[in-house]
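Visitor: here is a sequence with its predicted model. Questions after.
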2 protein chains.
Amino acid sequence: MNSSADMFLTPSDPTDTGTQQIRDAIRDAIVERRLAPGTKLSESDVGGLFNVSRTLARAALQALAYEGLVNVERNRGAFVAYPSPEEARQIFAARRLVEPGILKSAAERITAVQLKQLGQLLVEEGRLMGERGQSARRAEIKASGDFHLMLASISGNLIMQRFMEELVARSSLVIALYGQSSASSCGHSEHAGIIAALERKDVNTACDLMLHHIEHIEADLDLRERKGFDLRQAFER
Amino acid sequence: MNSSADMFLTPSDPTDTGTQQIRDAIRDAIVERRLAPGTKLSESDVGGLFNVSRTLARAALQALAYEGLVNVERNRGAFVAYPSPEEARQIFAARRLVEPGILKSAAERITAVQLKQLGQLLVEEGRLMGERGQSARRAEIKASGDFHLMLASISGNLIMQRFMEELVARSSLVIALYGQSSASSCGHSEHAGIIAALERKDVNTACDLMLHHIEHIEADLDLRERKGFDLRQAFER
DNA sequence: TTGCGCCATATTGCATACAATAATATGCAT
DNA sequence: ATGCATATTATTGTATGCAATATGGCGCAA
């Protein structure tokens, strides 16, 4: 009855309104990898967990499906997305395609204050790398994504920002599934390099570094097609 | 009771299942400009029109909201999106950012058959340009967008394809609102130029042409900020 | 034991009912 | 008439109920 999802989700504040909070909570859980790919998210479970009816739970799950974080199979329910290797490749191809452009845009508009904020993000990232434990690891995952999201935000284009939010979230799923080294610890120094290039207004180098950075993340993935591994998403844990 | 939307929407085939058909029908209506920006889409009206309950109508409207074609205001309802000049700028900035990359990707993978199909799309576009009447105009709008969507499809990246679908659809809204010349008739020849460049595998020229093409569409817009024109979306027609 | 078919159960799909909110109309005082 | 308070109506927000589908268990035959 109660799926394994129960213990990983945090009920929302009762003063909340609507599906937004539920959606955000589940997204966070997925992005921070507290919910494994393939996990079933039943409407009753989600609704019960947040003390709302199935109606709202359903709406939240469908919204997450639009973001590509959840698969909704007709008459079967919603599952945390289980991106195929091909999907994984496309996600990173998309990032290679858009992130240099976003970075260029951001470089044109970035202020001193924002540069400083980026630096702070970096410091925080480094601090988390030093810490131990699940919770620090999760925070590190989030911080690493936030770096890219902040650049998108600085670019000033809300549409690209939302798109990047989708891509970063889905990347997290991909890394959870196919990542080899525990964390892309090299990512931190690469972020630093990008900031440095931004500081000296060297846009081209910044873009190059960004491309390399994405390629490095990708290189850490083992995207070999595992035969029959896809069927019902590895037994629909 | 019956909003002005009624006469512009086509009820779906009764054999349909789910919200998908409703969503597609409304999206088509918006993209083909049979539904003006700002038009209210009440849940009962939409449901009644498609012979489904408000539940499904609501789901369809929320899906459209996620695509940026509809604004849902809490306790007030759903309206065909009315993009602000700033939004319009961002939509086209996003297109300038991604379309060259998509085109490059497409150029690497395009087959002779696909090149031929692109050519056919172009012929059809030209034919429609010659015809008169609302219906031809709508078909022309759609065909013009299909050119860009087909390139995205050829690129082989489903994620970028979906993103482009969103961008093209939203562009249609922007042109409906801010376009000056009746149609970007020059667009046709620009599409032709891009295909020609693709044929001779001249990717760089193709990308340049694409950028210029997007800039030309943008140049036809009058994005001057009209003071107080935004308030409740010009009286929420 | 293995394989198949049937029944019980759980879960989703969808519609409806009720509650909450906003929009509109009415009436009264000025 | 105008402005404001109040009542009425329309529309959305959310929960619940029933039907349809899928899942899992049980028995029976081989």
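Guide: Perfect, I can see it now.

Visitor: if you count neighbours, what's buried in whichever helix or strand A:Q114 is part of?
Guide: Following DSSP states H and E, one finds A:Q114 within helix A:112-130. By 16 or more other CB atoms under 10 Å in any protein chain shown, the buried positions in helix A:112-130 come out as A:114, A:118, A:121-122, A:125, A:128-129. (Each C-beta comes from the backbone N, C-alpha and C, glycine too.)

Visitor: between these, which sits nearest chain B?
Guide: A:Q114 (18.4 Å; CB to the nearest CB).

Visitor: excluding chain neighbours, what is closest to the residue nearest in space to the middle of chain A?
Guide: What sits nearest the mean C-alpha location of chain A, by CA atoms, centre = their mean, is A:A169, with 2.1 Å. The shortest distance from A:A169 to any non-neighbouring residue, by CB to CB, 6 or more residues apart in numbering or on different chains, is to A:V31 (5.0 Å).

Visitor: next: A:E225.
Guide: A:E225 sits nearest to A:P85 (CB to CB, 6+ apart), 5.7 Å away.

Visitor: which neighbouring elements make contact with the helix or strand containing A:E140?
Guide: Assigned by DSSP H and E, A:E140 falls within helix A:134-155. With contacts defined as 3 or more CB pairs under 8 Å, 6 or more residues apart in numbering or on different chains; DSSP states H and E, the packing partners of helix A:134-155 are helix A:20-31, helix A:85-109, helix A:112-130, helix A:158-178, helix A:186-199.

Visitor: helices or strands up against the very next helix or strand once past the first one?
Guide: In other words, helix A:20-31. Scanning forward in sequence from helix A:20-31 by DSSP H and E, the next helix or strand is strand A:40-41. In terms of contacts (3+ CB pairs under 8 Å, 6+ apart), strand A:40-41 is packed against strand A:77-80.

Visitor: now do the strand it packs on: distance to the chain's middle.
Guide: 17 Å (CA atoms, centre = their mean, to the nearest Å).

Visitor: likewise stretch A:91-106?
Guide: With CA atoms, centre = their mean, you get 15 Å for stretch A:91-106.

Visitor: list, one by one, the residues from chain A near DNA strand D.
Guide: Residues of chain A lying near DNA strand D by CB under 7 Å from any atom of the strand: A:17-19, A:47, A:51-56, A:75-76.

Visitor: export those as TSV, with columns for neighbour count.
Guide: As requested, the residues of chain A next to DNA strand D are exported to TSV (neighbours: other CB atoms under 10 Å in any protein chain shown):
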residue	neighbour count
A:T17	8
A:G18	12
A:T19	21
A:G47	19
A:N51	11
A:V52	20
A:S53	12
A:R54	15
A:T55	13
A:L56	19
A:N75	4
A:R76	11
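
Visitor: same list, the residues you listed, but as a markdown table with pLDDT and secondary structure please.
Guide: Shown next, in a markdown table, are the residues of chain A next to DNA strand D (pLDDT from 0 to 100; DSSP: H, G, I helix; E, B strand; the rest coil):
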| residue | pLDDT | secondary structure |
| --- | --- | --- |
| A:T17 | 66 | coil |
| A:G18 | 73 | coil |
| A:T19 | 92 | coil |
| A:G47 | 97 | helix |
| A:N51 | 97 | coil |
| A:V52 | 97 | coil |
| A:S53 | 98 | coil |
| A:R54 | 98 | helix |
| A:T55 | 98 | helix |
| A:L56 | 98 | helix |
| A:N75 | 96 | coil |
| A:R76 | 96 | coil |
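
Visitor: filter the residues you listed down to the ones near DNA strand C?
Guide: Okay, of these touching DNA strand C (CB under 7 Å from any atom of the strand), that's A:54-55, A:75-76.

Visitor: identify the farthest-apart pair in those residues.
Guide: Greatest spatial distance in these: A:T55 and A:R76, 18.8 Å, computed using CB to CB.

Visitor: ok, back up a step: I'd like the average pLDDT over the helix holding A:E140.
Guide: For helix A:134-155, the mean pLDDT works out to 93.

Visitor: now do the contacts for the residue nearest to A:E225.
Guide: For A:P85, the contact set (CB atoms under 8 Å, 6 or more residues apart in numbering or on different chains) comprises A:178, A:223-225.

Visitor: same deal with A:S153?
Guide: The neighbourhood of A:S153, defined by CB under 8 Å, 6+ apart, consists of A:Q161.

Visitor: roughly how far is stretch A:27-35 from the heart of the chain?
Guide: With CA atoms, centre = their mean, you get 8 Å for stretch A:27-35.

Visitor: try stretch A:76-93
Guide: Put simply, stretch A:76-93 sits 12 Å off its chain's centre (CA atoms, centre = their mean).

Visitor: name the helix or strand of chain A that has the lowest mean pLDDT.
Guide: Least confident helix or strand of chain A, by mean pLDDT, DSSP states H and E, is helix A:232-236 with a mean of 55.

Visitor: what residues does chain A have near chain B?
Guide: A:18, A:55, A:59, A:62-63, A:66, A:68, A:74, A:87, A:90-91, A:93-94, A:97-98, A:101-102, A:105, A:156-160, A:163, A:167 (CB under 8 Å from any CB of the partner chain).

Visitor: contact partners of stretch A:74-84?
Guide: When contacts are defined by CB under 8 Å, 6+ apart, stretch A:74-84 is touched by residues A:30, A:35-43, A:61, A:64-65, A:68-73, A:91, A:170, A:173-174, A:177, A:230, A:233-234, A:236, B:18.
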